[in-house]
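Output the structure for:
(one chain, ligands or ions: 1)
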Amino acid sequence: RIVAAPVDGARWVAAEVASAIRQRASEGKGLVLGLATGATPRGLYNELVRLHREEGLSFQNVTAFNLDEYYPIERDALQSYARFMRTHLFDRVDIDPARCHIPDGEVAKDQLKPHCRAYEALIEEAGGIDLQILGIGNNGHIGFNEPGSSIHSRTRLVNLDISTRLANAYEFQGVSEVPRLALTMGIATILRARRILLMGWGSQKAPVIQRAVEGPVTESVPASLLQQHDDCTFVVDAAAASEL
Ligand code: GLP
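Have a look, this model is predicted:
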């Protein structure tokens, strides 16, 4: 879906999220929503907050699972994704904090594997992710699944590519401060979501959007693996669509 500008894309995706929340509520159920961080979803979160304030959209029955988190990182660190989500969405709507899940950047090293397994189990117990929001890295990563990630991968500890650490250095005081590791849902975890909406804005994302949408399905471009999902939409602005 090609929109003129990021604000139009954010509005469209927010309307999809709102209608999914309302649809599930009409069935007496709550939506299980997969969420992303980074610069891309900020407009979406602003729009969801607006819908909450102005149109009474309630998040009381939403269960949220975030894709990823740096490791190690303190939950309250400025750069943590836990803090990002509180600042941009969770503290601004009526979502139950107990239903907001993010891989834990503070978990002890010897607890990493059980923590990742428990994260997968929590998603399953919630009934699986109904709607997964994604961004895309310049190297094609989704979540923190860097090129080479297996299509069978699940939530786990990963090494970040130097290109990802450079891209995210603006959030830290220089690239050397960017953690070398992260926790991320796997490609298989993401592909199990019933519906996926990936957003991409700006000319910088145009080459990777082209490779993900029109290139071969390959683990060297993780987002290309989404071609194998039967309900996945890329929402891109005109600049990001310019190489399609
Ligand atoms: C980050 C996140 C991803 C995000 C991607 C793109 O590092 N781990 O979940 O989708 O890279 O980031 P941005 O939206 O800032 O371009």
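
So the residue nearest the centre of the chain versus the ligand, what's the distance?
When the chain is reduced to its mean C-alpha position, the nearest residue by CA atoms, centre = their mean turns out to be residue 36, at 2.3 Å. In this view, residue 36 and the ligand are 5 Å apart by CB to the nearest ligand atom, to the nearest Å. C-beta: built from backbone N, CA, C; applies to glycine.

from memory that residue sits against residue 134, does it?
Yes. Counting by CB atoms under 8 Å, residue 36 sits close enough to residue 134 to count as a contact (5.5 Å).

what's the overlap in contacts for the two?
Common contacts of residue 36 and residue 134, defined by CB atoms under 8 Å, 6 or more residues apart in numbering, comprise 67, 143.

So what's the gap between stretch 74-88 and the chain middle?
Stretch 74-88 has its average C-alpha position 14 Å from the chain's average C-alpha position, going by CA atoms, centre = their mean, to the nearest Å.

Next: stretch 88-108.
13 Å.

what's that stretch in contact with?
30, 35, 41-42, 45-46, 48-49, 52, 57-60, 62-66, 68-75, 77, 80-82, 85, 115-116, 119, 122, 155, 183-185.

Which among these count as buried?
Neighbour counting with 16 or more other CB atoms under 10 Å marks 30, 35, 41-42, 45-46, 48-49, 52, 57, 59, 62-66, 68-73, 77, 80-82, 85, 115-116, 119, 155, 183-185 as buried within the contacts of stretch 88-108.

quick one: contacts for the residue nearest to the centre of the chain?
Contacts of residue 36 were listed using CB under 8 Å, 6+ apart, and they are 66, 67, 133, 134, 135, 143.

cool, and residue 21?
Contacts of residue 21 were listed using CB under 8 Å, 6+ apart, and they are 31, 33, 57, 58, 59, 61, 62.

before we move on, what about residue 70?
With contacts defined as CB under 8 Å, 6+ apart, the neighbours of residue 70 are 79, 80, 81, 105, 178, 179, 181, 182.

okay, those in a markdown table with pLDDT next?
Conversion of the contacts of residue 70 to a markdown table gives the following (pLDDT from 0 to 100):
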| residue | pLDDT |
| --- | --- |
| 79 | 98 |
| 80 | 98 |
| 81 | 98 |
| 105 | 98 |
| 178 | 97 |
| 179 | 98 |
| 181 | 98 |
| 182 | 98 |
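
Out of those residues, give me the one that has the most neighbours.
For those, the largest neighbour count, defined by other CB atoms under 10 Å, is 28 neighbours, found at residue 182.

Hmm, that one is touching residue 146, no?
No. Shown here, residue 182 and residue 146 do not form a contact pair, counting by CB under 8 Å, at 9.3 Å.

Overlap in contacts, these two.
Residues touching both residue 182 and residue 146 comprise 158, 160, with contact defined as CB under 8 Å, 6+ apart.

In stretch 102-109, which residues are buried?
Of the residues in stretch 102-109, those buried under the neighbour-count criterion (16+ other CB under 10 Å) are 102, 103, 104, 105, 106, 107.

Using PDB, write out the CA atom coordinates for the helix ranked longest in the chain.
When secondary structure is assigned using DSSP state H, the longest helix within the chain turns out to be helix 6-26. C-alpha atoms of helix 6-26 as PDB (Å, rounded to 0.1, in the frame of the first residue of the first chain):
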ATOM      1  CA  PRO A   6       4.400   8.900   6.500                       C
ATOM      2  CA  VAL A   7       1.500  10.700   8.300                       C
ATOM      3  CA  ASP A   8      -0.900   9.100   5.800                       C
ATOM      4  CA  GLY A   9       0.600   5.700   6.400                       C
ATOM      5  CA  ALA A  10       0.500   6.200  10.200                       C
ATOM      6  CA  ARG A  11      -3.200   7.100  10.000                       C
ATOM      7  CA  TRP A  12      -4.000   4.100   7.800                       C
ATOM      8  CA  VAL A  13      -2.200   1.700  10.100                       C
ATOM      9  CA  ALA A  14      -3.800   3.200  13.200                       C
ATOM     10  CA  ALA A  15      -7.200   2.800  11.700                       C
ATOM     11  CA  GLU A  16      -6.500  -0.800  11.000                       C
ATOM     12  CA  VAL A  17      -5.300  -1.300  14.600                       C
ATOM     13  CA  ALA A  18      -8.400   0.500  15.900                       C
ATOM     14  CA  SER A  19     -10.700  -1.600  13.800                       C
ATOM     15  CA  ALA A  20      -9.000  -4.800  14.900                       C
ATOM     16  CA  ILE A  21      -9.400  -3.800  18.600                       C
ATOM     17  CA  ARG A  22     -13.100  -3.000  18.100                       C
ATOM     18  CA  GLN A  23     -13.700  -6.200  16.100                       C
ATOM     19  CA  ARG A  24     -12.200  -8.300  18.900                       C
ATOM     20  CA  ALA A  25     -14.100  -6.400  21.500                       C
ATOM     21  CA  SER A  26     -17.400  -7.100  19.700                       C
END
